[in-house]
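Chemist: structure here, sequence nowhere to be found:
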């Protein structure tokens, strides 16, 4: 270093203001001086112990004060003193003091000591950047596995994982001893890069080193493989682990959930419990999203019940996960109860509940909740929460409130703008929507056009709807759904030549339009139905029930809306009304469950107007609550009405 060691008085002065402030708050400083007087001048071990105590307690100013007293009393620091004082200067964020300590290390002859060098590298890396730390590392002739690994970790902290892997490869080439920490660091860098090829090479190195099933290394490998999208590799390691742990199991569960392997996640969770692995809050918050589906709501309830029965601490993360599970599995009332009972709420809690109300057709409740948050909470509202309340405004068609909240977003993105377009279009304000789209220059964004199309569908704006569909075909020429929309529009106008031409286009381009499916869970088994499905063992009874219901509807002069002009599934337009997948699932629910029981159905696409009208009527004449989740929202049918207010 070019700097000369600074005097003790200068070192002391640099900390004087902070130490004085602490002296005014408490009388601890006077007590420390008494302790100093009692420590023998020659007993460096005792001084180091006192420094370590202050460091452990987070009293970093007292660490520096104790070191000053050592110097003032002519106590010579040893190789264990400086790393601790350097750690304190690092925690304080004071590089000025750190540089003085570096000078002390040079003067005392400890600059090449492994402990001191490692502490200096970390201090410079954290306070002055990894390049300075690398310079010091390269200049030092005394380097070991710890310093190599530390530098790799500093590269990771600066989001430079490729350089961290490069450091590890140099270690291997130079024959530096490889330990579990070095391997775990390099493997973690591979996960950041999502480099499966490099990760597998490191996996081979772990095998050669005999560290594949070291807890730290195996957990890092599992996370790397899941981050790289290879859940199969991760599961293979987990199954071979001689001693499985909760961290490893939770990592695999997380990986399954991220890839949509919800059943596998639940199976592994049960297996962990059978193997005696005690799940922690992270495990529960990882597995609960696997239950956030209507078909898996029983598993979610079981896990919630398990948490309550075993008096497991429901921290905020777990409570949010439980609430989110109930929202997405169709039990908005349960989610609301949990929310109201929560003593502490964070921004995630509020946002989940606001969006939950909106998804279940209770947009006004979501807006009211947002207002309550503004009044009662000091939490800083972010863009995600504003998007949630904007969604709620769109659901409730609260235009003025939506405009106000949109203007609160500092830098609105396309998703925020599409929510605003959806709000204006749902309210029938198509001219305002057109002007807004032009001002924001978002007319070529698919998300925005689909929001506008939804409004056209709700208000039967067929001419504008056709223009939007044609724009979608231009922007997404390989999306079969757009051609199906246009085909249905032409079919509504009896333009069969155009319909045939579009069908040929879809066929020539090798596109595959989406098929409609609906699911219903009964006695722990999920029953799936396709459009016009007759494969179910009880199909005869299912269709008979629907025919009887349709007859009652006709007797009461009820005519479902037959319009498919802006619908996105061609097969449903061509199929008789009682053959639609959601109607088959509802009928199965009616003949299979007890009178009065709620029927819960999931559909992979948007419910058509005809089925929507039928579901409302069935809920009235059968005295059943029907909850139908389609691609957009939850429809709660009760007494002839739907929670979406016929806007979806």
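Modeler: Thanks, I have it. These numbers come from a predicted model, not from an experiment.
Chemist: hey, let's count contacts and neighbours off CA atoms from now on
Modeler: OK.
Chemist: just confirm residue 336 is within a strand.
Modeler: No: applying DSSP: H, G, I helix; E, B strand; the rest coil, one finds residue 336 to be helix, outside a strand.
Chemist: just give the number of residues close to the residue nearest to it when sequence neighbours are not counted.
Modeler: If the residues on either side of it in the chain are set aside, residue 336 comes closest to residue 353, at 7.2 Å by C-alpha to C-alpha, 6 or more residues apart in numbering. Using other C-alpha atoms under 10 Å, residue 353 has 24 neighbouring residues.
Chemist: who are the contact partners of residue 353?
Modeler: Counting by C-alpha atoms under 8 Å, 6 or more residues apart in numbering, residue 353 makes contact with 323, 327, 335-336, 339, 366.
Chemist: pull out the buried residues from the helix or strand it falls within.
Modeler: Element membership for residue 353, per DSSP states H and E: helix 347-359. By neighbour count on 16 or more other C-alpha atoms under 10 Å, the buried set for helix 347-359 is 347-359.
Chemist: with stretch 589-600 instead?
Modeler: For stretch 589-600, burial by neighbour count (16+ other C-alpha under 10 Å) applies to 589-590, 598-600.
Chemist: so what would you say the end-to-end distance of stretch 52-61 is?
Modeler: Terminal residues of stretch 52-61 lie 12 Å apart, using C-alpha to C-alpha, to the nearest Å.
Chemist: now do it: distance to the chain's middle.
Modeler: 36 Å (C-alpha atoms, centre = their mean, to the nearest Å).
Chemist: pLDDT on it, on average?
Modeler: Here stretch 52-61 scores 88 as its mean pLDDT.
Chemist: for stretch 438-453, same thing?
Modeler: Averaging the model's pLDDT scores along stretch 438-453 yields 95.
Chemist: start and end of it, how far apart?
Modeler: Rule used - C-alpha to C-alpha; the end-to-end distance of stretch 438-453 is 16 Å.
Chemist: now stretch 318-337
Modeler: End to end - C-alpha to C-alpha - stretch 318-337 spans 15 Å.
Chemist: when you give positions from now on, start the count at 28
Modeler: Let's use 28 as the start, then, which means that last one is stretch 345-364.
Chemist: and the contacts of that stretch?
Modeler: Under C-alpha under 8 Å, 6+ apart, the answer for stretch 345-364 is 308-309, 311-312, 315-316, 318-324, 327, 331, 365-366, 369, 375-376, 379-380, 383-384, 387, 654, 656, 661.
Chemist: weed out the non-buried ones from these.
Modeler: Buried among these by 16+ other C-alpha under 10 Å: 308-309, 311-312, 315-316, 318-324, 327, 331, 366, 375-376, 379-380, 383-384, 387, 654, 656, 661.
Chemist: let's see which of the contacts of stretch 345-364 end up in strands.
Modeler: 654, 656, 661 (DSSP state E).
Chemist: make TSV out of these and add distance to residue 213.
Modeler: Below are these laid out as TSV (distance: C-alpha to C-alpha, whole Å):
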residue	distance to residue 213
654	49
656	44
661	45
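Chemist: tell me what angle the helix or strand harbouring residue 393 forms with helix 374-386.
Modeler: Per DSSP H and E: residue 393 is located in helix 390-403. Relative orientation of helix 390-403 and helix 374-386, computed by axes from the mean of the first three to the mean of the last three C-alpha atoms, to 10 degrees: 160 degrees.
Chemist: helices or strands next to helix 390-403 in the packing?
Modeler: helix 374-386, helix 410-423 (3 or more C-alpha pairs under 8 Å, 6 or more residues apart in numbering; DSSP states H and E).
Chemist: redo these as a markdown table? Include distance to residue 166 and mean pLDDT.
Modeler: Output for the helices and strands packed on helix 390-403, formatted as a markdown table (distance: least, C-alpha to C-alpha, whole Å; pLDDT from 0 to 100):
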| stretch | distance to residue 166 | mean pLDDT |
| --- | --- | --- |
| helix 374-386 | 48 | 96 |
| helix 410-423 | 47 | 96 |
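Chemist: between those, which one is closest to residue 208.
Modeler: helix 374-386 (34.0 Å; C-alpha to C-alpha).
Chemist: next, the angle from the closest one to helix 410-423.
Modeler: Using the same axes, to 10 degrees: helix 374-386 against helix 410-423 is 20 degrees.
Chemist: how far off centre is helix 374-386?
Modeler: Per C-alpha atoms, centre = their mean, the centroid offset for helix 374-386 relative to its chain is 14 Å.
Chemist: do stretch 488-499 as well
Modeler: The answer for stretch 488-499 is 35 Å, by C-alpha atoms, centre = their mean.
Chemist: any idea of the mean pLDDT for it?
Modeler: The average pLDDT within stretch 488-499 is 94.
Chemist: before we move on, back to that, can you put the buried residues of helix 374-386 in CSV and add distance to residue 584?
Modeler: As requested, the buried residues of helix 374-386 are exported to CSV (distance: C-alpha to C-alpha, whole Å):
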residue, distance to residue 584
374, 49
375, 48
376, 46
377, 45
378, 43
379, 42
380, 40
381, 39
382, 38
383, 36
384, 34
385, 33
386, 32
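Chemist: so which of those comes closest to residue 221?
Modeler: Comparing these against residue 221 with C-alpha to C-alpha places residue 375 closest, at 27.8 Å.
Chemist: what does stretch 637-653 rub up against?
Modeler: Residues outside stretch 637-653 that contact it (C-alpha under 8 Å, 6+ apart): 576, 580, 587-590, 604, 607, 609-610, 613, 622-628, 662-669.
Chemist: sort out which of those residues are buried, if you could.
Modeler: Using 16+ other C-alpha under 10 Å, the buried ones in the contacts of stretch 637-653 are 576, 580, 587, 590, 604, 607, 609-610, 613, 625-628, 662-669.
Chemist: from these, which land in helices?
Modeler: Secondary structure from DSSP state H places 576, 580, 609-610, 613 of the buried ones among the contacts of stretch 637-653 in helices.
Chemist: how about the helices in the stretch 178-327 of the chain?
Modeler: 188-201, 207-220, 223-235, 242-254, 258-267, 273-285, 289-301, 308-314, 324-336 (DSSP state H, counting those that start in this stretch).
Chemist: ok, residue 514 touching residue 524?
Modeler: No: with contact defined as C-alpha atoms under 8 Å, residue 514 does not reach residue 524; the gap is 10.0 Å.
Chemist: between the two, which is the more surrounded one?
Modeler: Per other C-alpha under 10 Å, whichever of residue 514 and residue 524 has more neighbours is residue 514, with 25 against 11.
Chemist: check which helix or strand covers the closest residue to the more buried one other than its chain neighbours.
Modeler: Excluding its sequence neighbours, the residue lying closest to residue 514 (C-alpha to C-alpha, 6+ apart) is residue 526, at 5.0 Å. Element membership of residue 526 [criterion: DSSP H and E] is helix 523-535.
Chemist: buried ones in that helix, by neighbour count?
Modeler: Quick answer for helix 523-535 (16+ other C-alpha under 10 Å): 525-526, 529-530, 533.
Chemist: fine by me, thanks again.
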